[in-house]
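Trainee: okay, sequence plus prediction incoming.
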Protein chains: 2
Amino acid sequence: MEPVERVTRHFQDELEQLKARLLEMGGLAEEHVRLAVQGLMTRDRPVLDRVLVADEAVNRLHLEVDNRCFKLLALYQPMAADLRTIVSAVKINADLERVGDLAVNIAEAARRYAGHAPVKKLIDIPLMADIAQNMLRDALDSFVRRDVDLAQHVLDEDDRLDALKTQIFRELLTYMLQDPTTIEPALDLILVSRHLERIGDHATNVAEDVIFIVSARDVRHHSVQGRP
Amino acid sequence: MEPVERVTRHFQDELEQLKARLLEMGGLAEEHVRLAVQGLMTRDRPVLDRVLVADEAVNRLHLEVDNRCFKLLALYQPMAADLRTIVSAVKINADLERVGDLAVNIAEAARRYAGHAPVKKLIDIPLMADIAQNMLRDALDSFVRRDVDLAQHVLDEDDRLDALKTQIFRELLTYMLQDPTTIEPALDLILVSRHLERIGDHATNVAEDVIFIVSARDVRHHSVQGRP
């Protein structure tokens, strides 16, 4: 093998490993969100405690991915699409780390919530969680597969999530106004719905980065007109 | 001038311009936070409307800074400290853009709040805003001056901000439980205090990046023991 080929091969191997680590991190973050919402629904404190401890693994991957990005830039000085992929990986890494933090925030709110009588049947909170988790998974899949259509789908789903958040807020406000004993637990549910909305925002950031990587087109701060 | 020197000079000029744009963006975001909290205090709708429109300028700078980072990496393939500076600029840029968004969120909550009777004297909310703005300014100063002590100071201030947020939450909860007419406006104040806390989190992210740039030491996800 020629030296240049060998360097290229090494670089591609390293890039694949970087993507694998980001996927692993995304999978963990998604699992923690799922556990936190499950713990909220079933009032299961051991499950919630597990989420608080498990974030350590996401944080370790966060540092590792940043180091990998930095080394890839320093050692291989990549160009064009490869450079865009690595710069985007730096940002996606930051987004996934925040999703992990938000899972912890949900678990903390759920622990407080478990100390009160349940406010409502919580049908919309698990729905919000499902949408947010799917958005995250689709965003990461779109990154690995360079799938602009799937990334665009993530952007579209964010509107559904926002609408649900607004609806949940109104509903909970009604409960709080009718019955002051619901104020504290309803506040925690409002916070949970906002954490889920922010997880959707992070998935949206990832999807926007994918569109940037693949098409070198920046869709941020623009209204997206039709599919590419 | 030798060609290599000329390239180095160009690169340093470009790097200075990149820092200048980040400072400009930080200054704008900080000003928008100040205006949003001022509008909340004085119930001044025109001021709040100005914040909503002004975010456009922050978004434009966000795109410009990302492009500058990308071009610097592609054209000059910088190494070591310069590479760390540019990779960190990508992240700082994302943080500053979110601070602009949070100023908008505060202005939106303030507009709703202005539709109700005031809940309380709001002494702690402007205090939180002052701390968050100072953290942001110090974080950006520490980036430009490569000042690790100042960056460490920002990390320390974040604890004060968190304590104030918790105190405000307890106080507002008491009002809500005593008098249901305060529920809606108190909810908006709780949201504002959380937006301010998140602005402090973004300043903390910037400060952590500065410590990484200067000392190649990663302080994230570690308890910081003493000053370097």
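Mentor: Nice, thanks for sending it over.
Trainee: list the helices and strands the lengthiest helix in chain A packs on?
Mentor: Counting residues, the longest helix found in chain A (DSSP state H) is helix A:3-42. If you count contacts as 3 or more Cβ pairs under 8 Å, 6 or more residues apart in numbering or on different chains; DSSP states H and E, helix A:3-42 packs onto helix A:45-76, helix A:80-113, helix A:124-145, helix A:183-215. In this view, the C-beta of every residue, glycine as well, is placed from N, C-alpha and C.
Trainee: export those helices to a markdown table and tack on mean neighbour count, distance to B:Asp55 and mean pLDDT?
Mentor: Shown next, in a markdown table, are the helices and strands packed on helix A:3-42 (neighbours: other Cβ atoms under 10 Å in any protein chain shown; distance: least, Cβ to Cβ, whole Å; pLDDT from 0 to 100):
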| stretch | mean neighbour count | distance to B:Asp55 | mean pLDDT |
| --- | --- | --- | --- |
| helix A:45-76 | 17 | 28 | 95 |
| helix A:80-113 | 22 | 20 | 95 |
| helix A:124-145 | 21 | 24 | 95 |
| helix A:183-215 | 23 | 15 | 94 |
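Trainee: any chance of those helices in a markdown table, plus distance to B:Gln167?
Mentor: Below are the helices and strands packed on helix A:3-42 laid out as a markdown table (distance: least, Cβ to Cβ, whole Å):
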| stretch | distance to B:Gln167 |
| --- | --- |
| helix A:45-76 | 23 |
| helix A:80-113 | 17 |
| helix A:124-145 | 28 |
| helix A:183-215 | 16 |
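Trainee: of all those, which one is nearest A:Glu157?
Mentor: Ranking these by proximity to A:Glu157 (Cβ to Cβ) places helix A:124-145 first, at 5.1 Å.
Trainee: and the closest one, how far out from the chain's middle?
Mentor: How far helix A:124-145 lies from its chain's middle: 7 Å, per Cα atoms, centre = their mean, to the nearest Å.
Trainee: for stretch A:60-69, same thing?
Mentor: The answer for stretch A:60-69 is 17 Å, by Cα atoms, centre = their mean.
Trainee: what about that stretch, near chain B?
Mentor: Yes - with Cβ under 8 Å from any Cβ of the partner chain as the criterion, chain B is reached by stretch A:60-69 at A:Arg60, A:His62, A:Leu63, A:Asp66, A:Cys69.
Trainee: again with stretch A:101-109
Mentor: No - Stretch A:101-109 is not in contact with chain B by Cβ under 8 Å from any Cβ; minimum separation 9.1 Å.
Trainee: again, but for stretch A:118-136
Mentor: No - in terms of Cβ under 8 Å from any Cβ, no part of stretch A:118-136 sits within range of chain B; the closest distance is 13.9 Å.
Trainee: could you list the alpha-carbon positions for that stretch in PDB?
Mentor: The C-alpha trace of stretch A:118-136 is given here as PDB (Å, rounded to 0.1, in the frame of the first residue of the first chain):
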ATOM      1  CA  PRO A 118     -50.500  12.400  40.500                       C
ATOM      2  CA  VAL A 119     -52.000  15.400  38.700                       C
ATOM      3  CA  LYS A 120     -53.300  13.800  35.500                       C
ATOM      4  CA  LYS A 121     -53.000  10.700  33.300                       C
ATOM      5  CA  LEU A 122     -49.900  12.100  31.600                       C
ATOM      6  CA  ILE A 123     -50.900  10.800  28.200                       C
ATOM      7  CA  ASP A 124     -49.200  13.700  26.400                       C
ATOM      8  CA  ILE A 125     -45.900  13.600  28.200                       C
ATOM      9  CA  PRO A 126     -45.000  10.100  27.000                       C
ATOM     10  CA  LEU A 127     -46.200  11.100  23.600                       C
ATOM     11  CA  MET A 128     -43.800  14.100  23.700                       C
ATOM     12  CA  ALA A 129     -41.000  11.800  24.900                       C
ATOM     13  CA  ASP A 130     -41.700   9.400  22.000                       C
ATOM     14  CA  ILE A 131     -41.500  12.200  19.500                       C
ATOM     15  CA  ALA A 132     -38.300  13.600  21.000                       C
ATOM     16  CA  GLN A 133     -36.600  10.200  21.100                       C
ATOM     17  CA  ASN A 134     -37.600   9.400  17.500                       C
ATOM     18  CA  MET A 135     -36.300  12.900  16.400                       C
ATOM     19  CA  LEU A 136     -33.000  12.200  18.100                       C
END
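Trainee: ok, and what's touching it?
Mentor: Contact partners of stretch A:118-136, identified using Cβ atoms under 8 Å, 6 or more residues apart in numbering or on different chains, comprise A:26, A:29-30, A:33-34, A:37, A:40-41, A:43, A:99, A:154, A:157-158, A:160-161, A:164-165, A:167-168, A:171-172, A:175, A:182, A:185-186, A:189, A:192-193, A:196-197, A:199-200, A:202-204, A:206-207.
Trainee: thinking A:Asp95 is in contact with A:Asn205, fair?
Mentor: Yes - at 5.0 Å, A:Asp95 and A:Asn205 qualify as touching, with contact defined as Cβ atoms under 8 Å.
Trainee: once you drop chain neighbours, what's closest to A:Ala29?
Mentor: A:Val99 (4.2 Å; Cβ to Cβ, 6 or more residues apart in numbering or on different chains).
Trainee: show me the contacts for that neighbour.
Mentor: By Cβ under 8 Å, 6+ apart, the contact set of A:Val99 is A:Gly26, A:Ala29, A:Glu30, A:Val33, A:Leu136, A:Ile199, A:His202, A:Ala203.
Trainee: in a markdown table: the residues you listed, plus distance to A:Ser215.
Mentor: A markdown table is the format used below for the contacts of A:Val99 (distance: Cβ to Cβ, whole Å):
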| residue | distance to A:Ser215 |
| --- | --- |
| A:Gly26 | 22 |
| A:Ala29 | 26 |
| A:Glu30 | 26 |
| A:Val33 | 29 |
| A:Leu136 | 21 |
| A:Ile199 | 25 |
| A:His202 | 21 |
| A:Ala203 | 19 |
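Trainee: and which of those is nearest B:Val87?
Mentor: Of the contacts of A:Val99, the one sitting nearest to B:Val87 (Cβ to Cβ) turns out to be A:His202, at 19.4 Å.
Trainee: for that closest one, give me its contacts.
Mentor: Contact analysis of A:His202 by Cβ under 8 Å, 6+ apart lists A:Asp95, A:Leu96, A:Arg98, A:Val99, A:Leu102, A:Leu136.
Trainee: let's see it at 7 Å
Mentor: A:Asp95, A:Arg98, A:Val99 (Cβ atoms under 7 Å, 6 or more residues apart in numbering or on different chains).
Trainee: ok, and what's touching stretch A:10-19?
Mentor: For stretch A:10-19, the external contacting residues (Cβ under 7 Å, 6+ apart) are A:Val65, A:Arg68, A:Cys69, A:Leu72, A:Tyr76, A:Pro78, A:Asp82, A:Thr85, A:Ala89, A:Val144.
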